[in-house]
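**Student:** 3D, please:
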Amino acid sequence: MIPVALYGIDVAMCERFYEEMPSLLSDAYEDQRYIEALYAIDSKHSVEHIRVSDDWAQRSPYAWPEDIINEVEMVLRTVVYPDVSLLEHLLTLDAVDAQRVSEWMHFSTNTFPIYSQKACETLTKMGLETPYLPGDIASYGLYVSRIEGLKLHAPATGLPEIGLPRSRMLQLGLERFE
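**Tutor:** Here you go, the predicted model:
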């Protein structure tokens, strides 16, 4: 049974989600590009995390002046999971939205989930209204809280132990769940 901390969730659908998780993620460890990016992260170089993340997501690399790089690096080092409020001003950078910032945070910390429209749609179908608004960091914050709730209240058999971050497993599971 799903704990009351997730009020509003369709309990039967959520239980089915966790029952199907092992099969939904059966090939997750085969994503070599993701795994190589994940293990390319060196905790001492957070600006390099952005390059790794952008390469993985096949985004154009950033070309910022040093003062912007320093500011971005300071924000990345200051943000503490699950609070995303400090990330808001990063959305003022060209070609940066909440999904791109979520990718940076995911590869920098392994705890922040990657913001995903399909995962948001699935959460909404489960009864947890989760809009996908890439221009609004608050919508990413809501998404983070929904993923955290699922992580905290996952049944013991719900998340297979395959060596990938739990936030990534939940994101992929939600994207693949019908």
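**Student:** Report all helices and strands that the top helix by length along the chain contacts.
**Tutor:** In the chain, assigned by DSSP state H, the helix with the most residues is helix 137-152. Helix 137-152 makes packing contacts with helix 98-109, helix 117-125, helix 166-176 when contacts are defined by 3 or more C-beta pairs under 8 Å, 6 or more residues apart in numbering; DSSP states H and E. Where C-beta positions appear, they are placed from N, C-alpha and C, glycine not excepted.
**Student:** if you set the cut-off to 10 Å instead, what comes out?
**Tutor:** Here helix 137-152 touches helix 11-24, helix 98-109, helix 117-125, helix 166-176, going by 3 or more C-beta pairs under 10 Å, 6 or more residues apart in numbering; DSSP states H and E.
**Student:** distance between that helix and the chain's centre?
**Tutor:** 9 Å (C-alpha atoms, centre = their mean, to the nearest Å).
**Student:** ok, and the closest non-adjacent residue to the most centrally placed residue in the chain?
**Tutor:** Centroid-nearest residue in the chain: Pro113, 1.4 Å away (criterion: C-alpha atoms, centre = their mean). Distances taken as C-beta to C-beta, 6 or more residues apart in numbering put Ser167 closest to Pro113, at 3.9 Å, once the chain neighbours are dropped.
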